[in-house]
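*Asks:* Would you be able to build a 3D model of this:
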Amino acid sequence: MDQPLPQTTQSLAADLHALGVAAGDIVLLHSSMKSIGFVAGGPQAVVQALLDVLGPEGTLVVPTHTPANTDPAGWRNPPVPETWWPVIREQAPGFDPSRTPSQWMGVIAESVRNWPDTLRSDHPHVSFAAHGPHAVDIIGRHQLDDALGDHSPLGAVYRLDGKVLLLGCGHGSNTSLHLAEYRQASPPRALAGASVRQPDGAGQWTTWTDVVPDTDDFERLGADFEATGAAMIGKVGCATARLMSQRALVDFATDWMAAHRVAAGQAP
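*Replies:* Numbering: from 1, shown residues only. From the prediction side, this is the model:
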């Protein structure tokens, strides 16, 4: 039996175009490189395909989160000894948008972060990177205590009427659903902390209070959204891809959470 040919920049661009990605779009991407199959050129080819389809007027946005730069007192997988906590808080080099790699966001997101002329927001937990003419609009204001709310890149993508592309991953990775959490009447909040790099190069432990994210019902929420027919679903390479309006998604999720989470006792 003949083996399928490798995916290429050109074949992926054709798949993205068929899915509905268009020139000039603002696309917030969540991705799994493994799901796409063998790609000639690897993640560089995937990013190039996306940029080719978006064109010079389009903007590509990816999460570049750093979940390990959090308070070690809350670490569970694995936990660390309490005697280590002050050392970690005091000695961590501190988040720097230009130096700190993303963690667990995948090689495609990390490739976008390192792409020439990409800009990155300065949130020490949940930064985003953007490439294109709307990059400054998207990452320029990322409020520390509104990490995934309206004063974040997610809120900017909403205002700019962008799209969400889930490339080989599900709604459990769909960060735009957090924007709906922040829009609930009284979302639970808690103290957060991170090390932030200062102008002199030293790390400084910084704390703030923000909404506690909860992804437990994201897959069910996403399935209900897809049942409305509002998401375009197709193949990009070997990956199942989902493309949707972020505004439509967030508006649906805001109402869905208000109904379902209250009913489940998850919110006041």
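*Asks:* Enumerate every residue touching the residue most central in space within the chain.
*Replies:* Nearest residue to the geometric centre of the chain (CA atoms, centre = their mean): residue 63, 3.2 Å. Residues in contact with residue 63 (CB atoms under 8 Å, 6 or more residues apart in numbering) are 30, 102, 105, 109, 126-128, 175. Glycine gets a C-beta too; all of them are placed from N, C-alpha and C.
*Asks:* Apply the buried test to these and list what passes.
*Replies:* 30, 102, 105, 109, 126-128, 175 (16 or more other CB atoms under 10 Å).
*Asks:* from those residues, which two are the most distant?
*Replies:* 30 and 127 (14.6 Å; CB to CB).
*Asks:* residue ranges for the helices of the chain, please.
*Replies:* For the chain, the helices defined by DSSP state H occupy 9-19, 33-36, 42-54, 85-91, 107-114, 135-139, 153-159, 176-182, 218-226, 246-263.
*Asks:* now those in TSV, with distance to residue 147?
*Replies:* Shown next, in TSV, are the helices of the chain (distance: least, CB to CB, whole Å):
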stretch	distance to residue 147
helix 9-19	29
helix 33-36	26
helix 42-54	25
helix 85-91	19
helix 107-114	17
helix 135-139	13
helix 153-159	9
helix 176-182	8
helix 218-226	17
helix 246-263	16
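*Asks:* So which helix or strand of this protein has the lowest pLDDT on average?
*Replies:* Taking mean pLDDT, DSSP states H and E as the measure, the chain has helix 85-91 as its least confident helix or strand, at a mean of 90.
*Asks:* Would you mark the buried spots in it?
*Replies:* 88-89.
*Asks:* For it, enumerate the helices and strands it packs against.
*Replies:* When contacts are defined as 3 or more CB pairs under 8 Å, 6 or more residues apart in numbering; DSSP states H and E, helix 85-91 sits against strand 203-211.
*Asks:* Recalculate using a threshold of 10 Å.
*Replies:* With contacts taken as 3 or more CB pairs under 10 Å, 6 or more residues apart in numbering; DSSP states H and E, helix 85-91 sits against strand 189-197, strand 203-211.
*Asks:* and the first one, how far from the chain's centre?
*Replies:* On the basis of CA atoms, centre = their mean, to the nearest Å, strand 189-197 sits 19 Å off its chain's mean C-alpha point.
*Asks:* Okay, angle between that strand and strand 203-211 too, please.
*Replies:* 160 degrees (axes from the mean of the first three to the mean of the last three CA atoms, to 10 degrees).
*Asks:* As TSV, the helices and strands packed on helix 85-91 with mean pLDDT, distance to residue 17 and mean neighbour count would be great.
*Replies:* Below are the helices and strands packed on helix 85-91 laid out as TSV (pLDDT from 0 to 100; distance: least, CB to CB, whole Å; neighbours: other CB atoms under 10 Å):
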stretch	mean pLDDT	distance to residue 17	mean neighbour count
strand 189-197	93	39	17
strand 203-211	93	37	16
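*Asks:* quick one, which of those strands is nearest to residue 217?
*Replies:* strand 203-211 (15.3 Å).
*Asks:* Now the closest one - C-alpha only, CSV.
*Replies:* Presented in CSV, the C-alpha positions along strand 203-211 are these (Å, rounded to 0.1, in the frame of the first residue of the first chain):
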residue,chain,number,x,y,z
GLY,A,203,13.5,38.6,39.4
GLN,A,204,10.9,40.1,41.7
TRP,A,205,8.1,38.1,43.2
THR,A,206,4.8,39.8,42.4
THR,A,207,1.3,39.0,43.6
TRP,A,208,-2.2,40.0,42.5
THR,A,209,-5.8,38.8,42.7
ASP,A,210,-7.5,37.3,39.6
VAL,A,211,-10.3,35.0,38.5
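*Asks:* Okay, now the sheet partners of that strand, with direction.
*Replies:* strand 189-197 (antiparallel) (DSSP bridges).
*Asks:* Contacts made by the strand it pairs with with the rest, please.
*Replies:* The contact list for strand 189-197 (CB atoms under 10 Å, 6 or more residues apart in numbering) reads 66, 68-74, 88-100, 122-125, 144-145, 147, 202-212.
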